[in-house]
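> Turn this into a structure:
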Amino acid sequence: MSDDILNPIEDQVAEFKRAIESIVLVAHDPVPAELLAQLLEQPTVLIEQWCEELASGYAEDERGFELVHVAGGFRYQTAGDLTPYVERFLLHDQRARLSGAALETLAIVAYKQPISRAQVAAIRGVDPDGVLRTLQARGYIDEVGRDPGPGQAILYGTTDSFLEKLGLPSLDDLPPIAEFIPSAEVVEALETGLRVTPVIEVAPSEIDGATRAP
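Okay, here's the model as predicted:
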């Protein structure tokens, strides 16, 4: 390993720190220093040093987030003294009402699960990507498997949080979907009531002409 890699110059250090920030920012779990060292091709001891320097810089600038070492890796989290504001935001998000499109999609997933995005789109007639992301972010649905067919599409299903919100012990306690579908008699009555018989107005002269015709 060359001296340049062991002792990176100031510009390189700045770039490596930015790389650490970008990696940790997109990671779902704490990123071990060893993994960062592999990705940046730098010694683990330098990675740990730079992470400490980043953390100190955030603290000195009194930023709203901090870089912490937890569960064997580094991750970003909100500053501890700002917890009341964060809790307020999260509670507001939980109280926010779902849109009609989201409720419709959630019902489709609940009754047809496991179901793919394409299947939801076929039922609703519109692209459900945004709604599915919202429902997943709220914790009402999640990925439950893969379709064994071509493409192995992601399959969605409801979560325990969904059941908790509805106060149901299990999916078996969902009301039968037939309760929400009109019976054949109701559908026929609606069709009859909505059916319009066209009225054709005929001038009296035309009726007389038709009567006198041989």
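> Residue 121 and residue 141, how far apart?
According to C-beta to C-beta, to the nearest Å, residue 121 and residue 141 sit 15 Å apart. For glycine as for every other residue, the C-beta is placed from the backbone atoms N, C-alpha and C.
> swap that for residue 118, sorry
15 Å.
> before we move on, what about residue 125?
Distance from residue 125 to residue 141, by C-beta to C-beta: 19 Å.
> Compare those two (neighbour count), which wins?
Using other C-beta atoms under 10 Å, the more surrounded residue of residue 125 and residue 141 is residue 141, with 25 against 7.
> how about the closest residue to that one other than its chain neighbours, what does it touch?
Residue nearest to residue 141 in three dimensions, not counting chain neighbours: residue 135, with 4.6 Å by C-beta to C-beta, 6 or more residues apart in numbering. Contacts for residue 135 (C-beta atoms under 8 Å, 6 or more residues apart in numbering) come out as 98, 102, 105-106, 109, 141.
> how does it look with 10 Å?
98, 102-103, 105-106, 109, 128, 141-142, 156, 158-159, 162 (C-beta atoms under 10 Å, 6 or more residues apart in numbering).
> Just the closest of those residues to residue 171, please.
Closest to residue 171 out of the contacts of residue 135 is residue 158 (6.9 Å), distances taken as C-beta to C-beta.
> Tell me the pLDDT of the nearest residue to that closest one once chain neighbours are set aside.
Nearest non-adjacent residue to residue 158, counting by C-beta to C-beta, 6+ apart: residue 110, 5.2 Å away. Per-residue confidence (pLDDT) for residue 110: 91.
> ditto for the one 3 residues further on
Residue 113 is assigned 89 on the pLDDT scale.
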